[in-house]
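Asker: A structural model of the following input is requested.
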Amino acid sequence: MKKSIELIISGITCSSCAAIIQRDLDSDKRIYKSFVNISNDKALVEFDDVNISDSEIIDIIKKSGYEARIFTDKADHSTDKVKKTKNIFIYSLVFALPLFYISMGEMVGLPFFDMSMMMHHSLQLILCSFIILINIRVYTSGFPKLFRLKPNMDSLIAIGTAAAFIYSVLVYINLFIEDHHVYFESAGVILTFVALGKYLEEKTKGKTSNAVKKLIGLQAKKATIIRDGKEIEIEISRLSKGDLVVVKAGDRIPVDGFVIFGESTIDESAITGESMPVFKEKNSLVIGGSINKTGVLRFEATKVGNDTMLSQIIKIMEEAIYSKSPIQLLVDKVSYYFVPIVIIIAMVSFFVWYFLGFGLYFSLTVFISVLIIACPCSLGLATPTAVMMGTGLAAKRGILIKNSTALEMANKVDVVVFDKTGTLTKGKPELVEIFPFDFLNEKTLKIASSLAVNSNHPLSKAVKNYSLSQKIDQIDIDNFEEKEGMGLKGFCKQHKSMLLLGNKKLLESEGVVIDVSTEEVFDRMSSEGKTPLFVTHDKKVVALLAIIDDIKVSALKAVKKIFSLNKEVYIITGDNEKVAKAIAKKLNINNFFANVFPGDKAKKIKELQKKGFVVAMVGDGINDAPALAQADLGIAMASGNDIAIEAGEIILIKNDLMDIPLSIDISRFTFKKIKQNLFWAFIYNTIGITVAAGLFYSFFGVLLNPMIAALAMSFSSVSVVANSLFMKTYRY
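Answerer: Purely as a prediction, here's the structure:
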């Protein structure tokens, strides 16, 4: 049986760590999928719980050299790690400052106490030893992974600082090395700078996941319900579907439901991104996590626990954080081989300079500098931090992006295909005209409503609603049949005659002939953007019904904005070509697919893909689900069917079409930041390794000090995360 668990992993220090764990998990055939995220030190693992247990998965991670535990607390778990890294830095700094003063103070003009070389080196040895003990985790993590041939960032720092420390000890005891230069200050200050970088990195990483934390904070802890005629307060976990919930002014709505009694305005901004309060009355939907502003409401709980909209949003956001886009998968592959390559470069640099006659001290300086500056933290943080910020930006505006692949794909889309009914239109069709031929209106409506009452199609509902308003009686129908994409068929019990309500395809399939005068009325209705429905009795057209579904106010603006982003727009509809053309003309759209059966929508998407287009499909109904799944990017309206929402990769909570170009723009902005991050991460490592290896020494006499290398390495990660955090300034 398929199961998923969320794990907290201890010991992740860089993207190489995440790549190692991911590879070890994916190599086990019993595991379906795994996602390891460096930005929050968590992993999501999907597996077959019949063949492998939670503990066995944790053991796989342990064999990789890391500790793991199941994550159950949805509260902020990063505070302890920030505090821990802060303490390590402060304690390291306490010993690093006097170490630096003793070793470098005289060189920079600070007052200095005269002491012997032995005393000078002894104090440095003691202070450096304390710093190493404070940062012992670097060695307990780095060396075991090196011995397993799975080195990570800690391995680079451990090798570099250990080499510096051991070399200095040999100088101190005058064993094998006749030199007075020691590296105690380099080893100690490097570890302190690394600790500073880790603290700043953890602090800034925590800020990138604020969107999810804020959503979790919206969840109510308690609810007031009515039982046995009395109001009682219960824990939210004890709330059941069907409970009658009372919410007073200022209270947070605990779960989703429909209002039974009362009127009020609700602040839904935290959920939908809509700043204006929304008026609620009887039969209105209320969303858990929103705030009741004015009156008292009583509502029936319809979705509780993990089924509420807020819980689903949190779930989608968390899954988006775990998922990896194609660009991140490429970075992971690079990171996996990066550390071993750096170790080889460091060793080659050491031996080249040593055999060129530059001595052990110079060669060791190059070796340590290459190891320290090349830590791939910034590379690993470049994509996930920007993705977390991007999905957070979208969520604040009522757009749910299910995964980072969808976020990346929105940036690549060439064509946006809109389903017509319920997407471009309001989804509330109305019968606006009856054109009779042989029967009076009342008799026509009797036939139409008697067929329509058996169907849930939007056009059928329009006929039913109009007939109810006219108080039309129905006739008895036998052998009712709903023909997908065509209409309704039945037999009149009284007259034993066939009755039809539908489009041209239905009439053609049943052998009903359409005369010229009927065709003229049909063409006129279609050219006006109305959907004509034929009503037939005994294979003869007795009337035409014209149904219209008004275009959404936001449709024209959204289409215009999509055009401004250099995207092409198509309409796809089951309506005839003239209706489709009329709707397209109103929206200034040149391309449309008409007369498309529900099951053929996905084929039309595939046709566009075969032409080389990257296609986004926008829909809201069950019949849109295959097309949403076929498209490179499925965009579903939250007001639509659950199946369509499941198939969609981007969900528009406000059902506002203007959120489609907004999604594309957020994607563009996010991937602009990712490219900036990756550019600077690669440039930093390329230039840093080149300078550290001493290639500039031959031309300019420039050699990188290992302490400067450590400081540069630490702040490269912070700069990448900070660049992602600047995404908060995004304006549309």
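
Asker: Any regions of the stretch 551-700 of the chain where pLDDT drops low?
Answerer: 621-622, 640-645 (pLDDT under 70).

Asker: what about 80?
Answerer: Applying pLDDT under 80 to the stretch 551-700 of the chain flags residues 597-599, 621-625, 638-648, 684-685, 696, 698-700.

Asker: At which residues are the strands of it located?
Answerer: Under the criterion DSSP state E, counting those that start in this stretch, strands of the stretch 551-700 of the chain are mapped to 568-572, 591-593, 615-619, 633-637, 650-652.

Asker: Could I get the average pLDDT for stretch 99-115?
Answerer: Mean per-residue pLDDT for stretch 99-115: 68.

Asker: now stretch 63-72
Answerer: Here the average pLDDT along stretch 63-72 is 82.

Asker: likewise stretch 26-44?
Answerer: Per-residue scores along stretch 26-44 average to 81.

Asker: Tell me the strands beside the helix or strand harbouring residue 417, with direction?
Answerer: Using DSSP states H and E, residue 417 sits within strand 415-419. Sheet partners assigned to strand 415-419 using DSSP bridges are listed as strand 568-572 (parallel), strand 615-619 (parallel).

Asker: Between those, which shows the greatest average number of neighbours?
Answerer: Mean neighbour counts were compared across these using mean count of other Cβ atoms under 10 Å; the top stretch is strand 615-619, at a mean of 29. Bear in mind the C-beta positions are built from the backbone N, C-alpha and C, glycine included.

Asker: tell me the angle of that one relative to strand 633-637?
Answerer: 20 degrees (axes from the mean of the first three to the mean of the last three Cα atoms, to 10 degrees).

Asker: so the spatially closest residue to residue 579 that is not a sequence neighbour, which of the three states?
Answerer: Spatially, and ignoring its direct neighbours in sequence, residue 579 is nearest to residue 526 (4.8 Å; Cβ to Cβ, 6 or more residues apart in numbering). Classification of residue 526 using DSSP: H, G, I helix; E, B strand; the rest coil returns helix.

Asker: wait, residue 526 sits on residue 582?
Answerer: Yes - with contacts counted by Cβ atoms under 8 Å, residue 526 reaches residue 582, the gap being 6.8 Å.

Asker: neighbour count winner among the two?
Answerer: When residue 526 and residue 582 are compared on other Cβ atoms under 10 Å, the one with more neighbours turns out to be residue 526, at 21 against 16.

Asker: Which positions in the lengthiest helix in the chain come out as buried?
Answerer: If you go by DSSP state H, the chain has its longest helix at helix 659-692. By 16 or more other Cβ atoms under 10 Å, the buried positions in helix 659-692 come out as 659-667, 669-671, 673-674, 676-678, 680-681, 684-685, 688-689, 691-692.

Asker: do the same with stretch 337-353
Answerer: For stretch 337-353, by 16+ other Cβ under 10 Å, it's 338, 339, 342, 343, 345, 346, 349, 350, 353.

Asker: ok, and the closest non-adjacent residue to the third one?
Answerer: The spatially closest residue to residue 342, leaving aside those adjacent along the chain, is residue 374, at 4.2 Å (Cβ to Cβ, 6+ apart).

Asker: Please apply the same query to the last one.
Answerer: Ranked by Cβ to Cβ, 6+ apart and with sequence neighbours excluded, the top spatial neighbour of residue 353 is residue 363, at 4.3 Å.

Asker: list the contacts for the one you found?
Answerer: 349, 350, 351, 353, 354 (Cβ atoms under 8 Å, 6 or more residues apart in numbering).

Asker: Let's have the residues you listed in a markdown table, adding distance to residue 130, secondary structure and pLDDT.
Answerer: Shown next, in a markdown table, are the contacts of residue 363 (distance: Cβ to Cβ, whole Å; DSSP: H, G, I helix; E, B strand; the rest coil; pLDDT from 0 to 100):
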| residue | distance to residue 130 | secondary structure | pLDDT |
| --- | --- | --- | --- |
| 349 | 30 | helix | 91 |
| 350 | 28 | helix | 91 |
| 351 | 33 | helix | 93 |
| 353 | 31 | helix | 91 |
| 354 | 31 | helix | 89 |
